[in-house]
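Chemist: coords please:
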Amino acid sequence: MEIVSQLLPFVFLIAIMYFVIIRPQQKEAKARAAMIEALKKGDKVVTNGGFIVTINKVEENFLSVKINADTIAQITKDSIARLYEDVISKSESLGKA
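Modeler: Residues are numbered from 1 along each chain as shown. Predicted coordinates:
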């Protein structure tokens, strides 16, 4: 019985860490993977480098993106940070507050 009372705080600590750190991180990863899979031609995205680009072609592991009227580049799907519309809606909500 003494061992159980000594281990109980560690069990609670692990449970709290799971619900505070691990679970939200997994949920965010699933949402990001779903967002990347839902990308289509014409979507505006922000890359990890900070470029705002338009998707020109979706391939299995890569995206062809249009940086400006003359430049088309190929990037990996992992280099997409977020949709550009998400950035606009966040900045508008901050401006109204």
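
Chemist: can you classify the residue sitting nearest the centre point of the chain by secondary structure?
Modeler: Centroid check for the chain by Cα atoms, centre = their mean gives Arg32 as the closest residue, at 3.8 Å. Of the three states, Arg32 takes helix according to DSSP: H, G, I helix; E, B strand; the rest coil.

Chemist: measure it to Ala81 for me?
Modeler: 9 Å (Cβ to Cβ, to the nearest Å). For the C-beta atoms, the positions are set from N, CA and C on the backbone; glycine is no exception.

Chemist: repeat that for Met35.
Modeler: Distance from Met35 to Ala81, by Cβ to Cβ: 10 Å.

Chemist: could you do Met17 as well?
Modeler: 27 Å.

Chemist: who's more crowded, those two?
Modeler: Using other Cβ atoms under 10 Å, the more surrounded residue of Met17 and Ala81 is Ala81, with 15 against 11.

Chemist: which strand or helix spans the more buried one?
Modeler: strand 80-83 (DSSP states H and E).

Chemist: what does that strand contact?
Modeler: 35-36, 39, 43-48, 63 (Cβ atoms under 8 Å, 6 or more residues apart in numbering).

Chemist: off-centre distance for that strand?
Modeler: 6 Å (Cα atoms, centre = their mean, to the nearest Å).

Chemist: domains in the protein, as residue ranges please.
Modeler: 1-38, 40-97 (automatic domain parsing).

Chemist: deepest-packed of those, please.
Modeler: domain 40-97 (a mean of 13; mean count of other Cβ atoms under 10 Å).

Chemist: mean confidence score for that one?
Modeler: The predicted model gives domain 40-97 an average pLDDT of 89.

Chemist: so what's the gap between that domain and the chain middle?
Modeler: 12 Å.

Chemist: now for the one helix or strand Phe12 maps to, which elements pack on it?
Modeler: Per DSSP H and E, Phe12 falls inside helix 2-17. Helices and strands touching helix 2-17, by 3 or more Cβ pairs under 8 Å, 6 or more residues apart in numbering; DSSP states H and E: there are none.

Chemist: coming back round to it: and the residue nearest to the centre of the chain, what's its pLDDT?
Modeler: pLDDT, read off for Arg32, is 94.
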